[in-house]
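In: Sequence unavailable; structure follows:
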């Protein structure tokens, strides 16, 4: 066989959950996918559990932590592990390699992509992600058409100056700049990086955006039809009066020239209460009427973007975006993590999640304060509507209020025109408090959730054996990793890298027209899955 045209057709591994696996992810199906509700997986010390999906769905392993990189470094050897120890603790100890936690997925269909092997055909379907923890930050590309030896490519671990990258969290593709945008939750580092797709066999061009986006704990990042970046910050605040203070902002970067992210205006969102006053943080308590208004169904609050940095005025030196947002009176939120535009709304409607306090004892939970008021302890899903994506004013409203059984909301992606897939990162403490592991929900954003109903659970995440062991080690001296598995990287896309393929422009048709769904089970074995349509149960309604 001509080695320049090799193409692997086998997948790395396959897991069938709740149904018989369809042979192709492009199976013929209705664009309206019915999903049955499943029960959450219980957290039981010492016991692992498999993932359970709606019977209309199944999942394939596309990469796992133990996959060796085709181009490792001395520090970075595998998809989900640093090269500094065994993948699982050996008897008598708790020493493990640092787990790197591949995070937000970005799917693209591209031609002429290269890897380390110049004689290998890497195919056309790729999944990109940054890595959230570990000893070094880096960006990987899963080559979905490739064999095991070429399955995962290390794209970059340094920027254009040779400086090591911080650990990465969010990612998206900007078709205007033709680059990936990766974010980091470390407020002491550059908040975002621009990564080119032209991998030269050694690295991909990577540039810090610290001169235009500054330092902030960015996580979620999306691009609108005007070429603006929308950035969601995620940092938990100090505990005051039994609850955590709001401590993160929503940002929008308006480039001076579309496609050039090095110059422009960075803005932060101000939310106003019912009387028109900006919602502010009271240093003595997070249990204020202003905050409660944000978590009340049927309440629409006015918003305004305020410019906190303009390269035309302030230059391109590094700056602290978080402090600038606070100084300009932006509204701090309770751990907003990710956001996405509702498809088919011409980028007028932006939905974002708030994780909340991830504790069943927080006084911000309605059952834990005298008035039974919701101060956002369980987070929620919110909608920000504007006349145009570049408008300076808008309206924000609560779509779905979290509760003890549905909280810790993190990644979000639209399955179709009205259902958002919202997944949890509730954490070991809350898992123990409620006796249940994380789940993913299909939240119909057109439904009035004030009726007390609950969204469909399409994914009841389990816990692999490695995470079960790690949960037992959690908190022990010198243990370096996390505990229970969490859900991240939920992503629905047809991979179109053109402007027409912007997330939010077209209404997705699950398993039609090349649309694919991915998610990552962080911690433990660090497995990334593709969700596919199942044969049995696919037409239930």
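Out: Thanks, I have the structure now. Predicted model only: the values in this text are computed from it and were never measured.
In: Every contact and neighbour count from this point should use C-alpha atoms.
Out: OK.
In: And the next helix or strand past the helix or strand bottoming out on mean pLDDT in the chain?
Out: When each helix and strand of the chain is scored by mean pLDDT, DSSP states H and E, strand 13-15 comes last, with a mean of 44. The helix or strand immediately downstream of strand 13-15 is strand 52-53, counting by DSSP states H and E.
In: who does that following strand pair up with?
Out: Strand 52-53 sits in its sheet next to strand 456-460 (antiparallel), going by DSSP bridges.
In: buried set for the partner strand?
Out: For strand 456-460, the buried set under the neighbour-count rule, 16 or more other Cα atoms under 10 Å, comprises 456-460.
In: With distance to residue 74 and pLDDT as extra columns, can I get these in JSON lines?
Out: Formatted as JSON lines, the buried residues of strand 456-460 follow (distance: Cα to Cα, whole Å; pLDDT from 0 to 100):
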{"residue": "456", "distance to residue 74": "45", "pLDDT": "98"}
{"residue": "457", "distance to residue 74": "42", "pLDDT": "98"}
{"residue": "458", "distance to residue 74": "40", "pLDDT": "98"}
{"residue": "459", "distance to residue 74": "37", "pLDDT": "98"}
{"residue": "460", "distance to residue 74": "37", "pLDDT": "98"}
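In: Determine which two of the residues you listed are furthest apart.
Out: Spatial extent of the buried residues of strand 456-460 (Cα to Cα) is set by the pair 456 and 460 at 10.7 Å.
In: so what's residue 479 up against?
Out: 94-96, 473 (Cα atoms under 8 Å, 6 or more residues apart in numbering).
In: ugh, wrong one, residue 422
Out: 409-413, 440-443.
In: Would you confirm that it belongs to a strand?
Out: Yes: with DSSP: H, G, I helix; E, B strand; the rest coil as the criterion, residue 422 is part of a strand.
In: Look up the pLDDT of the residue nearest to it when sequence neighbours are not counted for me, please.
Out: Spatial nearest neighbour of residue 422, excluding adjacent residues (Cα to Cα, 6 or more residues apart in numbering): residue 412 at 4.6 Å. pLDDT, residue 412: 98.
In: Isn't residue 412 up against residue 352?
Out: Yes: assessed by Cα atoms under 8 Å, residue 412 is found in contact with residue 352 at 7.4 Å.
In: about what we covered before: turn the contacts of residue 479 into a markdown table, including pLDDT, distance to residue 151 and neighbour count.
Out: A markdown table is the format used below for these (pLDDT from 0 to 100; distance: Cα to Cα, whole Å; neighbours: other Cα atoms under 10 Å):
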| residue | pLDDT | distance to residue 151 | neighbour count |
| --- | --- | --- | --- |
| 94 | 96 | 30 | 19 |
| 95 | 97 | 28 | 19 |
| 96 | 97 | 24 | 20 |
| 473 | 97 | 31 | 20 |
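In: So which of those sit within helices?
Out: residue 473 (DSSP state H).
In: Of the contacts of residue 479, which pair is most distant in space?
Out: Longest span within the contacts of residue 479, Cα to Cα: 96 and 473, 10.7 Å.
In: and the closest residue to residue 494 other than its chain neighbours, how many neighbours does it have?
Out: Computed as Cα to Cα, 6+ apart, the closest residue to residue 494 that is not its neighbour in sequence is residue 515, at 3.9 Å. Close neighbours of residue 515, defined as other Cα atoms under 10 Å, add up to 18.
In: what's the answer for residue 228, then?
Out: Neighbour tally, residue 228, other Cα under 10 Å: 25.
In: just wondering, since we're on it, how far is it from residue 252?
Out: Distance from residue 228 to residue 252, counting by Cα to Cα, to the nearest Å: 7 Å.
In: Please apply the same query to residue 359.
Out: Counting by Cα to Cα, the gap from residue 359 to residue 252 is 30 Å.
In: Ok, residue 177 next?
Out: 16 Å.
In: And these two? Which one has more around it.
Out: Per other Cα under 10 Å, whichever of residue 177 and residue 252 has more neighbours is residue 252, with 23 against 16.
In: residue contacts, that one?
Out: 228-231, 266-268.
In: Repeat that for residue 80.
Out: Residue 80 makes contacts with 64-67, 99-102, 525-526, as judged by Cα under 8 Å, 6+ apart.
In: between those, which has the most around it?
Out: Neighbours here are counted as other Cα under 10 Å. On that basis the top member of the contacts of residue 80 is residue 102, with 33 neighbours.
In: in its sheet, what does the helix or strand hosting the residue nearest to residue 422 sit against?
Out: Using DSSP H and E, residue 412 sits within strand 409-414. Strand 409-414 has the following sheet partners, assigned by DSSP bridges: strand 419-424 (antiparallel).
In: mean confidence for the partner strand?
Out: 98.
In: can you check stretch 371-390 too?
Out: Rounded mean pLDDT across stretch 371-390 is 98.
In: Give me the buried positions along it.
Out: For stretch 371-390, using 16+ other Cα under 10 Å, the buried residues are 373-386, 388-390.
In: Mind checking which of these land in strands?
Out: Residues of these located in strands (DSSP state E): 380-385.
In: The helix or strand hosting residue 194: what's the following helix or strand?
Out: Element membership of residue 194, judged by DSSP H and E, is strand 192-196. Next helix or strand after strand 192-196 toward the C-terminus (DSSP H and E): strand 206-208.
In: Partner strands of that following strand and their direction?
Out: strand 192-196 (antiparallel).
In: residues making contact with the partner strand?
Out: So strand 192-196 is contacted by 178-184, 204-210, 213, 218 (Cα under 8 Å, 6+ apart).
In: Between all of the residues you listed, which two are separated the most?
Out: Across the contacts of strand 192-196, the longest distance by Cα to Cα is 21.7 Å; it joins 204 and 218.
In: So for the two, which residue has more residues nearby?
Out: Counted by other Cα under 10 Å, residue 204 and residue 218 do not tie: residue 218 has more neighbours, with 33 against 20.
In: for the nearest residue to the more buried one once chain neighbours are set aside, what are its contacts?
Out: Leaving aside its sequence neighbours, residue 218 sits nearest to residue 233 (Cα to Cα, 6+ apart; 4.3 Å). Applying Cα under 8 Å, 6+ apart, we find residue 233 in contact with 185, 216-220, 248-251, 335-337.
In: Please identify, among the residues you listed, the one with the most neighbours.
Out: Counting neighbours by other Cα under 10 Å, residue 218 leads these with 33 neighbours.
In: any idea how far that residue lies from residue 304?
Out: To residue 304, residue 218 is 20 Å away according to Cα to Cα.
In: what about stretch 401-419, how long is it end to end?
Out: 16 Å.
In: swap in stretch 241-253?
Out: Note: stretch 241-253 ends 35 Å apart using Cα to Cα.
In: how far does it sit from the chain's center?
Out: Distance of stretch 241-253 from the chain centroid (Cα atoms, centre = their mean, to the nearest Å) equals 17 Å.
In: What's the mean pLDDT across that stretch?
Out: The pLDDT scores in stretch 241-253 average 98.
In: doesn't residue 121 fall inside a helix?
Out: No: judged by three-state DSSP, residue 121 forms no part of a helix; its state is coil.
In: going forward, begin numbering at 587 instead of 1
Out: New numbering, starting at 587: the last item is residue 707.
In: Tally up the residues packed near it, please.
Out: Using other Cα under 10 Å: residue 707 sits among 20 other residues.
In: any idea of the pLDDT on it?
Out: Looking at residue 707, the pLDDT reads 97.
In: And for residue 1121?
Out: Taking residue 1121 on its own, its pLDDT is 80.
In: next one: residue 608
Out: Residue 608 carries a pLDDT score of 34 in this model.
In: quick one: low-confidence parts of the chain?
Out: Residues of the chain meeting the criterion pLDDT under 70: 587-617, 1122-1127.
In: Tell me where it has helices.
Out: Along the chain, counting by DSSP H, helices occupy 875-880, 897-900, 907-913, 1013-1020, 1051-1059.
In: Determine which of those approaches residue 708 most closely.
Out: Nearest to residue 708 among the helices of the chain is helix 1051-1059 (30.8 Å), distances taken as Cα to Cα.
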